[in-house]
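Engineer: Give me the fold of what follows.
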Amino acid sequence: MTQALRPNTAGGLFATDGKPHPVQHALLAVTLVLGITSFIAAMFHHLHLLSSWAGLAGILTGAYGQWISETTRERFGLIVGLGAAAIGFFLGMSQGGLFGGLID
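Structural biologist: Numbers count the residues shown, from 1 in each chain. You can find the predicted model right below:
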């Protein structure tokens with residue numbers, strides 16, 4: 001009968017421990033939005049400023065989110081956002097960088 005005492009963790013999308021994590025969820029959402037924005041903007045050469053800055057912000061928010069995350073599901077989403085932000089950041093840097101190639 002130990003199955004009856006176990007909490008149902010399959011029902012929650014993010015909090016597998018049954019507790020609310022509003023800060024972690026906000027960082028997850030911000031990291032995903034910045035990562036997707038940076039990744040998509042990196043596909044266009046003239047959007048390298050947006051891509052590099054959004055990627056840098058996504059890397060920083062994702063790293064902090066990883067530091068304070070408490071569940072595996074949060075960490076998985078943060079890694080996806082971090083990966084997209086990093087790719088967008090590096091492509092944006094290769095196309096002109098954070099300051100638009102003003103510093104030579």
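
Engineer: what residue ranges in the protein are flagged as low confidence?
Structural biologist: Scanning the chain for pLDDT under 70 picks out 1-15, 101-104.

Engineer: rerun at 50
Structural biologist: For the chain, applying pLDDT under 50 flags the ranges 104.

Engineer: Show me where it has its helices.
Structural biologist: With helices called from DSSP state H, the chain shows them at 22-41, 48-68, 72-94.

Engineer: export the ones you listed to a markdown table and tack on distance to G100 and mean neighbour count?
Structural biologist: In this view, the C-beta of every residue, glycine as well, is placed from N, C-alpha and C. Output for the helices of the chain, formatted as a markdown table (distance: least, CB to CB, whole Å; neighbours: other CB atoms under 10 Å):
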| stretch | distance to G100 | mean neighbour count |
| --- | --- | --- |
| helix 22-41 | 14 | 20 |
| helix 48-68 | 6 | 20 |
| helix 72-94 | 10 | 20 |
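
Engineer: so which of those comes closest to T16?
Structural biologist: Nearest to T16 among these is helix 72-94 (5.8 Å), distances taken as CB to CB.

Engineer: Contacts for the closest one, please.
Structural biologist: Applying CB atoms under 8 Å, 6 or more residues apart in numbering, the contact partners of helix 72-94 are 13-16, 21, 24-25, 27-28, 31-32, 34-42, 47-59, 62-63, 65-66, 69, 98.
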